[in-house]
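Visitor: Return a 3D structure for these sequence lines:
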Amino acid sequence: MEIHIKKVGMIRPQNNPKNQDVNLKIDWSIDYIHKSQSNVEYICNILTFPNFPLNLRIEGFLYIGNFEKFSEDDLSKIIFDKCMDVLLNLISITKDQIFEIPSKEEILENNKYDAIESI
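Guide: Below is the predicted model of the structure:
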């Protein structure tokens, strides 16, 4: 079986909880759309609350080999575990990140120098 992710969306709180134990309660669901015997699309929704409320939605598809048999419960557990991995990684890479975006003038200034260097 192969698990593929097509889309990921997350809405997270602006601030991370500081110096506290974060006990998350999780509400999750997975909806399946059967396209063929070997191709199944899924949508996984994960909501966490109360200390760190966020909303994660992952859309993807499963490719199941000809002789592989999985129950929907088994698939749901596997997908949920993988989605939780994605959730933890997204929380990690999005915490307190500051990205500075140059002004239009700075971009034009840099492009002018790039044009001169290529001559």
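Visitor: can you count the residues close to the closest residue to residue 31 other than its chain neighbours?
Guide: Leaving out its chain neighbours, the residue that sits closest to residue 31 by CB to CB, 6 or more residues apart in numbering is residue 43, at 4.7 Å. Backbone N, C-alpha and C define where each C-beta goes, glycine included. Using other CB atoms under 10 Å, residue 43 is surrounded by 16 other residues.
Visitor: Work out for me the element residue 43 sits within.
Guide: If you go by DSSP states H and E, residue 43 is part of strand 39-50.
Visitor: now swap in residue 10 and tell me
Guide: strand 2-11.
Visitor: quick one: the spatially most central residue of the chain from residue 37, how far?
Guide: Residue closest to the mean C-alpha point of the chain, counted by CA atoms, centre = their mean, is residue 8 at 3.9 Å. Counting by CB to CB, to the nearest Å, the gap from residue 8 to residue 37 is 27 Å.
Visitor: Who are the packing partners of the strand holding residue 10?
Guide: strand 54-63, helix 72-94 (3 or more CB pairs under 8 Å, 6 or more residues apart in numbering; DSSP states H and E).
Visitor: How about the contacts made by the nearest residue to residue 38 once chain neighbours are set aside?
Guide: Nearest non-adjacent residue to residue 38, counting by CB to CB, 6+ apart: residue 64, 5.1 Å away. Residues counted as contacts of residue 64 (CB atoms under 8 Å, 6 or more residues apart in numbering) are 1, 37, 38, 39, 40, 70.
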